[in-house]
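S.K.: prediction below, plus the sequence it came from.
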Amino acid sequence: MAEHRPKYIFITGGVISSVGKGIATASLGRLLQSRGLSVTVQKLDPYLNVDPGTMSPYQHGEVYVTDDGAETDLDLGHYERFLDQDLTAASSVTMGQISAEVIERERRGDYLGGTIQTVPHVTDLIKERVRGLAEHSGVDVLIVEVGGTVGDIEGQAFLEAIRQMRYEEPREGTLAIHVTPLFYLAATGELKTKPTQHSVRTLRSMGIQPDVIISRTDAPAERSITNKLALFCDVPSEAVMTLETADSIYQVPSMLEQAGLTELTLSRLQLTARPSAPGRSIDDWTEWAGGLSRTERVCRVGIAGKYVELRDAYLSVKEALIHAGAQRAARIEIKWIQSDDLDHADQPQIAAALADVDGVIVPGGFGERGIEGEIGVARFALEQRIPYLGLCRGMQNMVIAFARDRLQLADANTTEADPQTSNPVIALLDDQRELTQLGGTMRLGMYPCQLQPESRAQALYGSDIANERHRHRWEFNPRYRDRFEDAGLVASGTSRDGALVEIAEVGDHPFMIGSQFHPELKSRPQRSHPLFLGFIDSVLAESETALRHPVGAAAPRPSALHTLAGRVAEG
Ligand code: GLN
């Protein structure tokens, strides 16, 4: 049998972050898949946290959770969505993990007698992690994205490890891609290449000559710009690609295909294309992505959460909505609602916040701030029959709203917000109560969920079992379950042993479902998530009812949202 020799593509960023390096990485993965190659992706993050699990969403955006319970960078979400492939903890490497392991090995005595140094001990371990994933997964190509930008002090060990791998692997075994911005100067109407030139110079000073440059630009770049970059960065001009800012991230694979990135990669790495798997051709992707801009229907959804100032905190929720909208040929318009602004709101204020949406999502979150506002939103959605989808904390808040509204438990709460409540409908399980460490101690990763016969959840999934990803400590308190069920809030999904409530749904409501897990993490562009799809169907039905019966007009099923909002608008 021929020896398995994976190829490596290293993607670094220059000048500033947020240029689209993660999307370019994910897109290239998809493009190679479209040529029948097997691919996986790994992110190397230079920070010293072991994982982003304990970081504030304001620092880091969303924490993306894999099936095996790793808390990772949100770029892993892009990789999973673009590749339609589930990744594992091995795809997320941080300098925190590398440092912790080097120290552990040193304490164990593995390096007996040696002085522990960045080179070779840290760099060897980085190479071990990179090659380990490529070999273990057996892929044709491993794409490795380095977080941050070239020149950052923390990233140097990663770049040195990459330099060494480029030296050790055959010439056609690796490819280095550098992603930078081109700045547009309005005063002179020019695109400036100098920052990219400097960044490439820094990269070369680390011993890495890029093979390809991808430059993101807000304005069309003339051939003279790419020629200039080619000359000063020592990269052939066909390997300098400018990538104009797209309307949707999902257009990027097709743009890079057109720019010639796939062919260039195949020829540099001496890879032979194979027929793509069904649905994986670039035409399939382009067709799907093209549908996003061809839609006429608009679907207005509110997202009421505490981190809405930073949209990246709910990245997967936004993407899952786009996927479900695409499947129903509807464009999603999101209204971001700051939940802690509603912590002391009365009903008309909540009505006003929800006045111009046809459905609302309460996403995940931690800590007390914003909880009352979110419970208020859930209660309003319950009373006024507005489509509601609760994601983790959003499910917990829906349960609390129901207890206050329908069980007359005025002080019902989660012990996360009120440890003294006499009705802890959301509480910690015994094994979580004993914990003293914050990092990595939540219920994390994939758990099977048993769906109850004849429930809405079962109908949406079209199955008796769902495998979904968790990231939380608090749970539905089983002591209250019978009372809830008698009043119409059903545990339509539970753990296999029936002990934990994983999905709650309100029976006599157009759509009110909350999941203890995060369904948004499993939604894929061409395979949207059943809970999101069910929600969007209900939102579209709501908006069509509203259109037929504008505010103030008599309607057979008046949308309370609109009538009440109308009253508020009238003062
Ligand atoms: N803070 C809640 C818990 O830990 C919800 C977590 C979440 O929404 N991911 O249970």
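M.R.: In hand now; what should we look at?
S.K.: please enumerate the strands of the stretch 1-150 of the chain.
M.R.: Under the criterion DSSP state E, counting those that start in this stretch, the stretch 1-150 of the chain carries strands at the ranges 7-13, 39-45, 64-65, 71-72, 92-94, 141-146.
S.K.: show me what the biggest helix by length in the chain packs onto, helices and strands only.
M.R.: Using DSSP state H to define each element, the chain has its longest helix at helix 530-548. With contacts taken as 3 or more CB pairs under 8 Å, 6 or more residues apart in numbering; DSSP states H and E, helix 530-548 sits against strand 297-305, helix 315-327, strand 330-338, strand 359-362, strand 388-391, helix 456-461, strand 512-515, helix 560-569. Bear in mind the C-beta positions are built from the backbone N, C-alpha and C, glycine included.
S.K.: about what we covered before: what's the closest of the strands of the stretch 1-150 of the chain to residue 356?
M.R.: Ranking the strands of the stretch 1-150 of the chain by distance to residue 356, with CB to CB as the measure, places strand 64-65 first at 30.2 Å.
S.K.: strand partners of that closest one, parallel vs antiparallel please.
M.R.: Paired with strand 64-65 in the same sheet, following DSSP bridges, are strand 71-72 (antiparallel).
S.K.: what comes into contact with the strand it pairs with?
M.R.: 43, 51-53, 63-66, 89, 91-92, 440, 444, 471 (CB atoms under 8 Å, 6 or more residues apart in numbering).
S.K.: and stretch 237-245, by the same measure?
M.R.: Residues outside stretch 237-245 that contact it (CB under 8 Å, 6+ apart): 20, 24, 182, 211-221, 225-227, 229-230, 233, 252, 255-256, 259-261, 264.
S.K.: repeat that for 6 Å
M.R.: Here stretch 237-245 makes contact (CB atoms under 6 Å, 6 or more residues apart in numbering) with 212-218, 221, 226-227, 229-230, 259.
S.K.: hang on, isn't residue 337 packed against residue 302?
M.R.: Yes: assessed by CB atoms under 6 Å, residue 337 is found in contact with residue 302 at 5.1 Å.
S.K.: can you list the buried residues in the longest helix of the chain?
M.R.: 530-540, 542-543, 545-546 (16 or more other CB atoms under 10 Å).
S.K.: one more: stretch 249-267?
M.R.: Buried, per 16+ other CB under 10 Å, within stretch 249-267: 249-257, 259, 261-262, 264-266.
S.K.: follow-up on the earlier one: which stretch among the helices and strands packed on helix 530-548 comes nearest the ligand?
M.R.: Closest of the helices and strands packed on helix 530-548 to the ligand is strand 388-391, at 6.9 Å (criterion: CB to the nearest ligand atom).
S.K.: any idea which helix or strand comes after the closest one?
M.R.: helix 393-406 (DSSP states H and E).
S.K.: run through who's touching that next one.
M.R.: The contact list for helix 393-406 (CB under 6 Å, 6+ apart) reads 362-365, 374-375, 378-379, 382, 390, 409-410, 412-414, 425-426, 487, 489, 504, 514-516.
S.K.: if you set the cut-off to 7 Å instead, what comes out?
M.R.: Here helix 393-406 makes contact (CB atoms under 7 Å, 6 or more residues apart in numbering) with 361-365, 371, 374-375, 378-379, 382-383, 388, 390, 409-410, 412-414, 423, 425-426, 474, 476, 484, 487-489, 504, 506, 512, 514-516.
S.K.: so is it next to the ligand?
M.R.: Yes: Helix 393-406 lies within reach of the ligand by CB under 6 Å from any ligand atom, at residue 393.
S.K.: could you dump the contacts of stretch 237-245 to TSV with distance to residue 15?
M.R.: Converted to TSV, those look like this (distance: CB to CB, whole Å):
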residue	distance to residue 15
212	16
213	12
214	12
215	10
216	10
217	12
218	14
221	16
226	17
227	20
229	13
230	18
259	20
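S.K.: hang on, the earlier thing: who has more neighbours, residue 337 and residue 302?
M.R.: Higher neighbour count among residue 337 and residue 302: residue 302, with 25 against 22, using other CB atoms under 10 Å.
S.K.: so in terms of bridging, what pairs with the more buried one?
M.R.: Under the criterion used (DSSP bridges), residue 302 bridges to residue 335, residue 360.
S.K.: quick one: the helices in the stretch 101-250 of the chain?
M.R.: Using DSSP state H, counting those that start in this stretch, the helices of the stretch 101-250 of the chain run over residues 123-137, 156-168, 194-205, 223-233.
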